[in-house]
Structure formats: structure tokens, C-alpha cells
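Peer 1: take a look and give me a structure for this.
(2 chains, ligands or ions: 1)
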Amino acid sequence: MRLEAHLRARRDAGAKLLVPYVTGGLGPDWLDVVRAVVDAGADAVEIGIPFSDPVMDGPTIQEASQRALDAGATPATIVAEAAKLDVDAPLAVMTYYNPVHHTGHERFAASLADAGIDGAIVPDLPLDELDGWGDAADAAGIETVLLAAPTTPDDRLARICERSRGFVYGVSLLGVTGERDSLAVNATDMGRRLKAMTDRPSLLGIGISTGPQAVEGAAAADGVIVGSALIKRLLDGDGPEGAGAFIGELRKALDE
Amino acid sequence: MGIARGAPVRLEGSGPVPTGLGRFGEFGGRFVPESLVPALEQLEEAFRVAWASTEFRDELAHLLTNYAGRPTPVTECRRLSERLGVRVLLKREDLTHTGSHKINNVLGQALLTQRMGKHRLIAETGAGQHGVATATAAALFGLDCTVFMGAVDVERQALNVWRMRLLGAEVVPVESGSATLKDAINDALRDWVGTVEDTHYCIGSVVGPHPYPWMVREFQRIVGDEAREQCRTILGGHDPDVVVACVGGGSNAIGTFAGFLDTSARLIGIEAAGLGLESGQHGASITRGVPGVLHGARSLFLQSEEGQILEAHSISAGLDYPGVGPEHAALASEGRAEYHSATDDEALGGFQVLSATEGIVPALEPAHAIGWLAREAGHEVPSGSTVLVTLSGRGDKDAAQVAERLGTELG
Ligand SMILES: Cc1ncc(COP(=O)(O)O)c(C=O)c1O
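Peer 2: Residues are numbered from 1 along each chain as shown, chains lettered A, B, ... in the order given. Next up is the predicted model:
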């Protein structure tokens, strides 16, 4: 299943896009969490591959990554487990560049393709350093999503939108992942800039925590990504059911 | 014509500019979240212009002379030389204001911060020396300052934590991961991702994304440039046979090496062997690391089979880092510099022998270089050689820790 094709089709049919983030290896039932959020209406799912030094993440996802690592999760085990998922939504991994580099570009891309994963998000691999991985990913049919930030100037934003695959990940605020009380002022700005720049699906992420925030973000862009707010619930003991209920709420808010 | 103490510092040298996005051979680069890319481009441009301008160099030279107390001398160690059978010269960075080479870099970056119109400095620190230097420059320039420090290091470097707070900096203990330097860098980066518009991240070594490894090397090359001229005066126009410096991130070593790259001197970096290379508890990232990407650069890192970064170990907080600057990785792969290591115990030996023979109490970091030399004089370093060792800092900060290790009491 192609990430961009799917998101485009959903958007063009009038839907607002919802993409949850689930830390791979967080609890023995993490695959059921992925299934539950898809059943609850996720348009795609980001599967986090934990790294020891996640500099783009705040305390919540950092803790989830550490728990998964302590439980023995590795990039290989997570990809192998994800291969068992037979869900109706495209999947993208979200990881840092070192595990990719360590595995080797071609090998990592092939392992994703073999597992039926469609995309990759590597937040510490900016446009300028993309080539080695980008070429290998393209060749293997893996869509690499690039991030755009509030600090990105327009000419660079255009190049990011052009080179990104799957969708463009608009970072809604200056900062790392984590729940926020309100949608950042930067978010709607970012959404508008992306919509003006590209026809590729554009999603806002980082800090989006509630239904109203998701609605506000999705009004400016094509949809939203929700990470820490979901992970927080999982860390607090919610299982697949709770995760599904939360994503279902957001789905409902977006569809209204 | 040697460099006399009191004569003003001159900043004349420049080394090779790394190619492309900061490549030293296959190492270096700029692997950071998109939010930071424009700030790094701005910093690179600001540094490029500043380093080419005599006005900037004069301003920095003035600060280095009148505030930091440069030039530092090269001291000939007669009693230690006699004991080891090699001629030992020390480049005395311990005599700078704040007590280590870290001040050289920080004054340069603080000047740049002012030029870029930013009003806040953040820094990470292991031993606390870079944190103290940054807090000092922030006080001098009237900038806000936050220093991230692993909780373990907060504990073992209490004196420096106290100094930073006195200087007006906020010290943030970092509890995640190994709670040491690596994690302090992660938290500084996280802070920077959110504050990049008005904050400059003052990185303390030749690590991090381009332009840091290049810029910090240029700010530290004063160590090697001075030392080379001073050695020639002392050695009758000759260079030392061997140049030795300890390697954490590698800033004092690269600053030293920069002055001797085009000589025939053997360049030797000393890494922390901790409890021994076989123990897995060490900080020897060149000797035992593999290529990877962390903190914005491709370099050598201690990693697990799965590509997770491992915790380093060293008795000295400044060497307790699982990576190394990319230029060192390149120098190692080209074979221009060699990298060896000394254990915690050998460093303690170096700490004691220099104190007892020369009346100079070194920081635990350069004590590794002294300890290694004490072991290798007559072996790896042939008898009769002349050896320059960069004494990157003084040992006050380590007094309590060493006293405890030696089973003695401070007072
Ligand atoms: C006195 C001293 N020497 C050496 C180091 C190691 O750093 P680098 O390798 O960057 O010189 C430190 C770091 O804190 C230090 O304080």
C-alpha cells in the first residue's frame, strides 16, 4: 500500500487525515495498539523504532523508547513484528538516523519493504544529508517523509516539499515532541505555508494533544499527527482499547 | 622570537576549511532536526565572515590577552623528565582564566553570539570546565546562560556547579540515560530545538554538526600555534618529537595538533581506558568505536550490535563521552594521528606524579596523558625523545574525587 497515494485519495475524498504515533516494542501488546488505532480510523500509523538518544523527543516519548529498549526491542525485532500486521492503513517507521546508518541504507530499506512498511521518517536526517538513504529508500519503494519547520525559509520549504515522499511533516512549533495545552501559533502558519506551497498531503505534528487542537490544525493543513498524547495514555496503563478509544475521539472530532 | 607572557596574543593561523557540509574525509556533516538547519547556516556564515575579519580577530585576541591571560607558557619539566628519561614540556592551559583551555573557544563563541544578536547561551558540560567557561563569558557579555549537566557529573564536580551558579548560570541536572555528558548534549539540543531564534548553543568541543567541529578547532588552534613557536624557542628551532593530548570530544587535542600538523612530530591522542579496554567500561571511542551518527555528526561512537549508543566510563567527567570529534576520526583513519589510552588508575598515577615532581596539579583529563607517558616512556615513546603534553586544565575541580579515591581526606 502506498503512503502518499492512500493519503491523497482520502484527502481528495474530503477527509481530514489522522496519523497516530505508536512506539514499537512498548508493551507486549503494541501490535494490538496499532490494530486498534487503525480500527478507530487512523489513516496511517507511525511506528517508532526506539533509539538510545532521541534528541527530537520530549520526556514522554523518551520514556516510552527507554521502556521498549529495556524490554529488548531492537530495530530488527520491531520491523519483524510489524511484518505481522495486516491492517488497512499504510505504515511508516519513525526512527533516528544512527540505527539506519548502522544497519546500512540498502539493508534497512529492504527490511522495511519486506515487512510491508511503506514509509520512513528520520527527523535528524535533513534534506541536505538525505542522498545516501534517500536513494536507497526510493529504490526500495520506501517513501521518506521530510520535516519542515517554522524556521525553514520559503525557498528551502519548496525544496523540502519537492523531495518529500508520502506527505510533508509540518512541525507545528519550535520544540520537541510532548503534549501542549494549546495549539501553537506557529501551527496554523505552518499549515497555510505548506498548503500554498505543495499539493502533496501536508500534516502537522508535534504537540497536538486534543480533539479541538486536531481540528484546528487540520483546518490549516490536510491533517495531523498525534504522538505524545497517545503514548502518555499507554505509559499510564491504557491498553489497545484505551488507545483505540482516544483515537476514535479524535477521528470523530475531525469528521464532524 | 618567542612568545613572552604579557605580549599580546596574535591570531593569525587558519587551518583547512572542511568541504561541503563540514566533511573531514568521510566524517562530519549536519545531521540535525530541520528546525536547527537555518541556525547552523547562520552560524556558519557568521563564523566565516568573523574569522576572515581582522576586527573580529583583534577583538578576540584582546580578550584572550587581557581577560583570559594568554599566552600561556610552555613549562619544561626537569624532575619529571629525569624520572621518565624523556624531555617533557607542558603547554599550560591550566593557567588560563577559569583554569582550562575551554575559555579560548567560549570567548570566540560569545563574541559571535553578540554579532548574531542573540541574548542567551546554552551549553552542556561534563567536567564542568566548559560550563564554567560559558557562564563566565555570559557574565562578561551580559547574556543569559543555562548549562546542562549529567546528574552524575553534578555530583562529582560540585565545585564547578557552585562556580557556575555564582556566575549567574542556571545549572540543569540531566537524569536521562547515563546522566553524563552524552545526555547533557541531548538535553541541550532539545532546548535548542525550541529556543533557536534567540539562543546560541555554545558547544564545548570539536563535536556536533557543522560548523562546530571546524569553528571550535579554529578557536582552539591558539594552543597549538603558540606551543609550536614556544617549542621552537626552547628546542633551538626544532619541533618536539611527540605531541600528546587527552581526548574527550577532542578540542584541546585538535587545537594542539593544529599547530603541528605540517611538522614531522608524532601526534598522539589519549583516550580514557576507564576500567580497561576489555572491561567495556571506558571512553575509547576511536580505539573501540565504529562509525555512526550522533549529536549532529558522523564520527566514531561506542555502540551496541543494534546501533544503540553505549554509555562511556571514565574517572574524569571530561572524557566520559562515547564519541569523538569527526576531525579526529579522519586523522585516525588517515593515520596522521595515533590514538592510545590510559586507565582510571594510570590517570590517578599521572595526577600524583606531576603534582609531586613539578608542583603542578593537573585536571584528571590531562592526567591521562601524563599517566600514559609515564607508562610508555622508554617504550612507545623512546628514551631521549622530546615530548610536548598539553595540560588542558588544572586539578582543583577533581580534588575531592581524587582524595576519596586515594583514601585521604580533604581537610
Ligand atoms: C581540563 C579538560 N581537559 C580536557 C577535556 C576534554 O575535552 P576535549 O577533548 O574537548 O578537550 C575537558 C572537558 O571537560 C577538560 O575540562
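Peer 1: which residues of the chain fall in strands?
Peer 2: No chain was given, so I picked chain A. Counting by DSSP state E, the segments of chain A that form strands are A:17-23, A:45-48, A:91-94, A:119-121, A:143-148, A:168-171, A:202-205, A:223-226.
Peer 1: try chain B instead
Peer 2: Counting by DSSP E, the strands of chain B are B:23-24, B:27-28, B:74-77, B:87-92, B:120-125, B:144-150, B:170-174, B:199-201, B:242-246, B:266-274, B:290-294, B:297-301, B:337-343, B:386-391.
Peer 1: near the ligand, anything from stretch B:361-372?
Peer 2: Yes. Where contact is defined by CB under 6 Å from any ligand atom, part of stretch B:361-372 touches the ligand, namely B:Ala363, B:Glu365, B:Pro366. Heads up, the C-betas are built off the backbone N, CA and C, glycines and all.
Peer 1: could you flag which of those are buried?
Peer 2: When neighbours are counted using 16 or more other CB atoms under 10 Å in any protein chain shown, these contain these buried positions: B:Ala363, B:Glu365, B:Pro366.
Peer 1: what pLDDT is listed against the first one?
Peer 2: Looking at B:Ala363, its pLDDT reads 98.
Peer 1: quick check, it in contact with B:Asp398.
Peer 2: Yes. With contact taken as CB atoms under 8 Å, B:Ala363 and B:Asp398 are classed as touching, separated by 6.1 Å.
Peer 1: need the overlap of contacts for those two.
Peer 2: Applying CB atoms under 8 Å, 6 or more residues apart in numbering or on different chains, one finds that B:Ala363 and B:Asp398 are jointly contacted by B:Ser316.
Peer 1: report the helix or strand with the lowest average pLDDT across chain B.
Peer 2: Of all the helices and strands that make up chain B, helix B:151-156 has the lowest average by mean pLDDT, DSSP states H and E, namely a mean of 91.
Peer 1: what residues does it touch?
Peer 2: Taking contacts as CB under 8 Å, 6+ apart, the residues outside helix B:151-156 that touch it are B:125-128, B:161, B:171, B:173-175, B:178-181, B:184, B:317, B:320, B:401.
Peer 1: so where's the stretch 301-411 of chain B uncertain?
Peer 2: B:411 (pLDDT under 70).
Peer 1: how near is B:Phe31 to A:Ala76?
Peer 2: Shown here: B:Phe31 relative to A:Ala76, a distance of 22 Å by CB to CB, to the nearest Å.
Peer 1: of the two, give the one with the bigger neighbour count.
Peer 2: Set side by side, B:Phe31 and A:Ala76 give different neighbour counts by other CB atoms under 10 Å in any protein chain shown, the larger being at B:Phe31 (27 against 16).
Peer 1: now A:His101: closest residue in space, sequence neighbours ignored.
Peer 2: B:Val293 (5.2 Å; CB to CB, 6 or more residues apart in numbering or on different chains).
Peer 1: and that neighbour, what does it touch?
Peer 2: Counting by CB under 8 Å, 6+ apart, B:Val293 has contacts A:Tyr97, A:Asn98, A:His101, A:Asp124, B:Gly29, B:Phe31, B:Ser299.
Peer 1: for chain A, longest helix please?
Peer 2: Counting residues, the longest helix in chain A under DSSP state H turns out to be helix A:240-255.
Peer 1: what is it packed up against?
Peer 2: Packing contacts for helix A:240-255, counted by 3 or more CB pairs under 8 Å, 6 or more residues apart in numbering or on different chains; DSSP states H and E, involve strand A:17-23, helix A:30-39, helix A:211-220, strand A:223-226, helix A:228-235.
Peer 1: centre of chain A to the edge, which residue is at the far end?
Peer 2: Of all residues in chain A, A:Asp155 sits farthest from the chain's C-alpha centroid, using CA atoms, centre = their mean; the distance is 24.3 Å.
Peer 1: would you confirm that B:Leu267 contacts B:Pro240?
Peer 2: No. Using CB under 8 Å, B:Leu267 is not in contact with B:Pro240, being 10.3 Å away.
Peer 1: need the overlap of contacts for those two.
Peer 2: When contacts are counted by CB under 8 Å, 6+ apart, B:Leu267 and B:Pro240 are jointly contacted by B:Phe260.
Peer 1: show me what residue of the stretch 101-250 of chain A gets nearest to the ligand.
Peer 2: Nearest residue of the stretch 101-250 of chain A to the ligand (CB to the nearest ligand atom) works out as A:Asp124 at 22.2 Å.
Peer 1: now do the contacts for that residue.
Peer 2: By CB under 8 Å, 6+ apart, the contact set of A:Asp124 is A:Val55, A:Met56, A:Tyr96, A:Tyr97, B:Phe31, B:Val32, B:Pro33, B:Val293, B:Gly296.
Peer 1: switch to 6 Å and redo it
Peer 2: With contacts taken as CB atoms under 6 Å, 6 or more residues apart in numbering or on different chains, A:Asp124 has the following neighbours: A:Tyr96, A:Tyr97, B:Phe31, B:Val32, B:Pro33.
Peer 1: with A:Val79 instead?
Peer 2: Residues counted as contacts of A:Val79 (CB under 6 Å, 6+ apart) are A:Ser111, A:Ala115.
Peer 1: any idea how far chain B is from it?
Peer 2: If you measure A:Val79 against chain B using CB to the nearest CB, to the nearest Å, the figure is 12 Å.
Peer 1: the residue in chain B that chain A sits nearest to: neighbour count?
Peer 2: Sorted by distance to chain A under CB to the nearest CB, the residues of chain B start with B:Gly307, at 2.9 Å. Residues within reach of B:Gly307, counting by other CB under 10 Å, total 24.
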